[in-house]
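K.L.:
just need the structure, nothing else, for what follows:
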Amino acid sequence: MKEKFVKYIRSLQKTITSKIEEIDGKATFQEDIWMRPEGGGGRTRVIENGAVFEKGGVNISEVHGKLPETMQQYFGVKDADFFACGLSLVLHPNNPMVPTVHANWRYFEMYDTDGNIVDQWFGGGQDLTPYYLFEEDARHFHQTCKTACDKHNVDFYPKYKKRCDEYFYNNHRNEGRGIGGLFFDYCKATEEMEMQDWYNFVTEVGNSFLDAYAPIAEKRKNLSFTKEQKDWQEIRRGRYVEFNLVHDKGTLFGLKTNGRIESILMSLPPKVQWVYNHEPDTDSQEENLIKVLQNPKDWIQ
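P.N.:
Predicted structure coming up:
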């Protein structure tokens, strides 16, 4: 399974970066191949200072070795080895009318001292973080997620949409990081879903990503905006940073397993503001966004 998924994420990285370069029309991805001393490595692709994307990364990694003691305690195991691979992406646009997007699809195996697989699972998802809310964009993103889920189980979309709303939540701010999408983890073999079934589902979601995001970016990338709207984008980016550094399990896993720091922190936007005690104007577009983030919506009626 791990060889099959590694092959998939390598191909998907190429597909996504090619499309993002096409949308941007100016910048191209810089590629770094890196190795992890304990085992494995990855391929980081970063785009910066483009016509559309201020900063973004589409990274793949394949790492293995002894599971760090802190992670062994977390999983309740001793002397375990692991293999983990995945694709993780974040795209931060220049234009505040274009939402930031994040996605991740991953596979994990754990082994005993004899090298036997004792556990394995898939995880991942994709979510949207707008700065100005266009409801048609939100519906499009969520409908694309639902269509991918429904091909495998009609219960998946409401289940994983709810988990996404719960996971990508800054509880110290009492608001969501964005308007959600899908989040699933520890997808293990059951009587209903074998590992091959989970592979089919996760790759279905991965293949839907460009359908979900590319039309939104194309539609909004040339809209005009003011300096005040750009300031608002950078203030909201601060909330994005707070989530990634305080709550995100993927960031913490990378740091605890001696991952490549530049790749882990690639997700952070280049320009951010923290304005003391900032509140949006009453009845403004900015206030409307905050209200939605405080009360997750069902975008598909």
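K.L.:
count of neighbours near the closest residue to N49 other than its chain neighbours?
P.N.:
When the adjacent residues along the chain are set aside, N49 lies closest to A27, with 6.1 Å between them (Cβ to Cβ, 6 or more residues apart in numbering). (Glycine included, C-beta is placed from N, CA and C.) If you count neighbours by other Cβ atoms under 10 Å, A27 ends up with 19.
K.L.:
what does A189 give?
P.N.:
Using other Cβ under 10 Å: A189 sits among 13 other residues.
K.L.:
what are the ranges of the strands in the protein?
P.N.:
Taking DSSP state E as the criterion, the chain contains strands spanning 30-35, 40-48, 53-66, 81-93, 100-111, 117-129, 169-170, 175-176, 180-187.
K.L.:
for the record, mean pLDDT for the fourth one?
P.N.:
What that stands for is strand 81-93. Average pLDDT, strand 81-93: 96.
K.L.:
C187 is in contact with W198, correct?
P.N.:
Yes - in this structure, W198 is within contact of C187 by Cβ atoms under 8 Å, at 4.7 Å.
K.L.:
list residues touching both of the two?
P.N.:
Both W198 and C187 are contacted by W121, F122, under the criterion Cβ atoms under 8 Å, 6 or more residues apart in numbering.
K.L.:
quick one, phi/psi of the residue nearest to N49?
P.N.:
With angles defined as degrees, to the nearest 10, A27 sits at phi -90, psi 160.
K.L.:
go on, V272?
P.N.:
phi -140, psi 150.
K.L.:
pull the contacting residues for it.
P.N.:
If you count contacts by Cβ under 8 Å, 6+ apart, then V272 has E234, R237, G238, V241 around it.
K.L.:
cool, and D112?
P.N.:
Counting by Cβ under 8 Å, 6+ apart, D112 has contacts D79, A80, V118.
K.L.:
repeat for Q120
P.N.:
M1, Y107, F108, E109, M110, K188, A189, M195.
K.L.:
mind checking how far it is from C149?
P.N.:
21 Å (Cβ to Cβ, to the nearest Å).
K.L.:
who's the residue nearest to E62 when sequence neighbours are not counted bridged to?
P.N.:
Nearest non-adjacent residue to E62, counting by Cβ to Cβ, 6+ apart: C85, 4.3 Å away. Beta-bridge partners for C85, by DSSP bridges, are E62, Y107.
K.L.:
quick one: C85 and E109, what's the gap?
P.N.:
For C85, the distance to E109 - Cβ to Cβ - is 9 Å.
K.L.:
okay, these two: which has more neighbours?
P.N.:
Between C85 and E109, C85 has the larger neighbour count (other Cβ under 10 Å), namely 23 against 17.
K.L.:
and the lengthiest helix in the chain, what's buried?
P.N.:
Longest helix of the chain, by residue count under DSSP state H: helix 195-220. Within helix 195-220, the residues scored as buried using 16 or more other Cβ atoms under 10 Å are 195, 197-199, 201-206, 208-210, 212-214, 216-217, 220.
K.L.:
stretch 56-67 now?
P.N.:
G56, G57, V58, N59, I60, S61, E62, V63, H64, G65, L67.
K.L.:
of these, closest to Q301?
P.N.:
Q301 lies nearest to G56 out of the buried residues of stretch 56-67, by Cβ to Cβ, at 31.9 Å.
K.L.:
ok, and the closest non-adjacent residue to the closest one?
P.N.:
L91 (3.8 Å).
K.L.:
okay, and the beta partners of the one you found?
P.N.:
Here L91, judged by DSSP bridges, has bridge partners G56, V101.
K.L.:
gap between it and A217?
P.N.:
8 Å.
K.L.:
could you do E3 as well?
P.N.:
Here E3 is placed at a distance of 33 Å from A217 (Cβ to Cβ).
K.L.:
correct me, but F75 touches M110?
P.N.:
Yes - at 7.0 Å, F75 counts as touching M110 under the criterion of Cβ under 8 Å.
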